[in-house]
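1. Here is the input, now give the coordinates:
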Amino acid sequence: MLEYATYENCIIVGRCANYILRHRPNVLKVHFYAPYEKRLEMSIDDLNLSKGEAKSMIQKVDEARSSYYLYHTGEMFDSTSYQDVMINSSVFSFDENVENLCRLIKNKYPDLGNSDK
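-> Here you go, the predicted structure:
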């Protein structure tokens, strides 16, 4: 992760990257989240789970993420200390969230992708 972040433009999803790369100047730390009810609805609709199965899955995933993050960082997963941007993914569609994220990145790093830089 550190090597990629040093030598390449990259997107790193999860893996405590926001914490590990917290002191790097050219890193935009983005956290996508959604309210519980929206996550429950999406789990039922998109994954064809029963309400009980969806609740159980969400609880297990949340616990796994929290314990992984705490173990590797000593910090709470839901802390905003190492986030630059928080995006409620339930406000916009998937495609709109992608467009908004691309716009944020382009605004923060206007020279990104220019071959002469």
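2. which residues of the chain fall in helices?
-> Under the criterion DSSP state H, the chain carries helices at the ranges 2-7, 17-20, 36-47, 51-73, 94-108.
3. what's in contact with the first one?
-> Pointing back at helix 2-7 there. 10, 12, 20-21, 24, 27 (Cβ atoms under 8 Å, 6 or more residues apart in numbering). Glycine gets a C-beta too; all of them are placed from N, C-alpha and C.
4. Switch these over to a markdown table; also include distance to Y71 and neighbour count.
-> Output for those, formatted as a markdown table (distance: Cβ to Cβ, whole Å; neighbours: other Cβ atoms under 10 Å):
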| residue | distance to Y71 | neighbour count |
| --- | --- | --- |
| C10 | 24 | 12 |
| I12 | 18 | 15 |
| I20 | 13 | 17 |
| L21 | 18 | 20 |
| R24 | 22 | 12 |
| V27 | 22 | 17 |
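5. Tell me the one of the residues you listed nearest S90?
-> Using Cβ to Cβ, I12 comes nearest to S90 of the contacts of helix 2-7, at 23.2 Å.
6. ok, that closest one touching M1?
-> Yes - I12 is within contact range of M1, at 5.9 Å (criterion: Cβ atoms under 8 Å).
7. tell me, what's touching those two both at once?
-> Between them, I12 and M1 share the contacting residues L21, judged by Cβ under 8 Å, 6+ apart.
8. which of the residues in the helix or strand of the chain with the lowest mean pLDDT are buried?
-> Sorting the helices and strands of the chain by mean pLDDT, DSSP states H and E puts helix 2-7 at the bottom, at a mean of 88. By neighbour count on 16 or more other Cβ atoms under 10 Å, the buried set for helix 2-7 is A5.
9. Only alpha carbons, please: show that helix as CSV.
-> Extracted C-alpha coordinates of helix 2-7, given in CSV (Å, rounded to 0.1, in the frame of the first residue of the first chain):
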residue,chain,number,x,y,z
LEU,A,2,2.7,2.4,1.0
GLU,A,3,4.7,1.6,-2.2
TYR,A,4,1.7,2.2,-4.4
ALA,A,5,0.8,5.4,-2.7
THR,A,6,4.4,6.6,-3.1
TYR,A,7,4.9,5.8,-6.8
